[in-house]
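K.L.:
Give me a model of this one.
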Amino acid sequence: MEPHPDQWYGCKTYSQHGEDIVFLNIFKLIGCEKITWLDLGAHHPFNISNTALLYERGHRGINVEANPNQAENFAIHRPEDINLQVGVGEKPGVLKFYLIDKFSGRNSFSKSSAEQFVRDYPAFKIEEVIDIPVITVPHILKQCGRETYPDLLSLDVEGLDEKIILSLDLRKDGPKIICVEDNDRRDNSSSPLRQHLDAQGYFPYYRAGVNILFVQKKFASVLT
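P.N.:
The predicted structure is shown next:
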């Protein structure tokens, strides 16, 4: 189906809850014309992807996915992005990666998260455990030749999101938008993640499913 002329961002979304459409709207309102991103736990080039629509519309970024089984998919479908097959953590090292299956979005460095998923969905099991090198976000940016954050930080690393966010200093040249799960928190109560981002200059702007979109406070007057 072709988009209607009045649809600024087209008529499709690749994100789980339409986050990509919201990103485009925010960036348009704040005057960001050429969007860059860091997608941590990118999972797949377009299936449940927060950045595939941005890529289709000519924007480019960095995709980081630990699962070695997805590396070829990113190389084929996102050739103009920077695609890294590595884990992300609060400190560098090597971690166990728990594979529900070769391509599942529930594959995780968090043993407890993987085991909880299997308990909730008994048809699945942990098929394999492999060792994956893990590096920090600042290391990723340096490796990609960036001295500052891209415009968007999208984070979905199945259980380690809060630890990674808490390890980051975003007060100088942080991303304009951060999309992250808040421990499946469905109310607006405080959390270490929210407190940290508030202190770093962000406010919670939009909820999409279990994801919260945090935006730099300097854009609040344009968006609210």
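
K.L.:
ok, longest helix in the protein?
P.N.:
When the chain is parsed with DSSP state H, its longest helix is helix 19-30.

K.L.:
got a list of contacts for the helix or strand following that one?
P.N.:
Counting by DSSP states H and E, the element after helix 19-30 in chain order, helix or strand, is strand 37-40. Residues from elsewhere that reach strand 37-40 (C-beta atoms under 8 Å, 6 or more residues apart in numbering): 49-51, 54, 59, 61-64, 88, 137, 140-141, 149-157, 164, 175. (Glycine included, C-beta is placed from N, CA and C.)

K.L.:
Dump strand 37-40 to PDB, restricted to CA.
P.N.:
Only the C-alpha atoms of strand 37-40 are listed here, as PDB (Å, rounded to 0.1, in the frame of the first residue of the first chain):
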ATOM      1  CA  TRP A  37      22.000   6.200  15.700                       C
ATOM      2  CA  LEU A  38      23.600   3.600  17.900                       C
ATOM      3  CA  ASP A  39      21.400   0.500  18.000                       C
ATOM      4  CA  LEU A  40      22.500  -1.800  20.900                       C
END
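
K.L.:
Where does the prediction get shaky in the chain?
P.N.:
1, 183-189 (pLDDT under 70).

K.L.:
all strands of the protein, in order?
P.N.:
With strands called from DSSP state E, the chain shows them at 37-40, 62-64, 82-84, 87-88, 93-99, 128-135, 152-155, 177-181, 202-208, 211-216.

K.L.:
partners of the shortest one, with directions?
P.N.:
Here strand 87-88 is paired, per DSSP bridges, with strand 128-135 (parallel).

K.L.:
The closest residue to residue 93 other than its chain neighbours and residue 96, how far apart?
P.N.:
Closest residue to residue 93 apart from its sequence neighbours, by C-beta to C-beta, 6 or more residues apart in numbering: residue 134 at 5.4 Å. According to C-beta to C-beta, to the nearest Å, residue 134 and residue 96 sit 10 Å apart.

K.L.:
joint contacts of these two?
P.N.:
With C-beta under 8 Å, 6+ apart, residue 134 and residue 96 have common neighbours residue 109.
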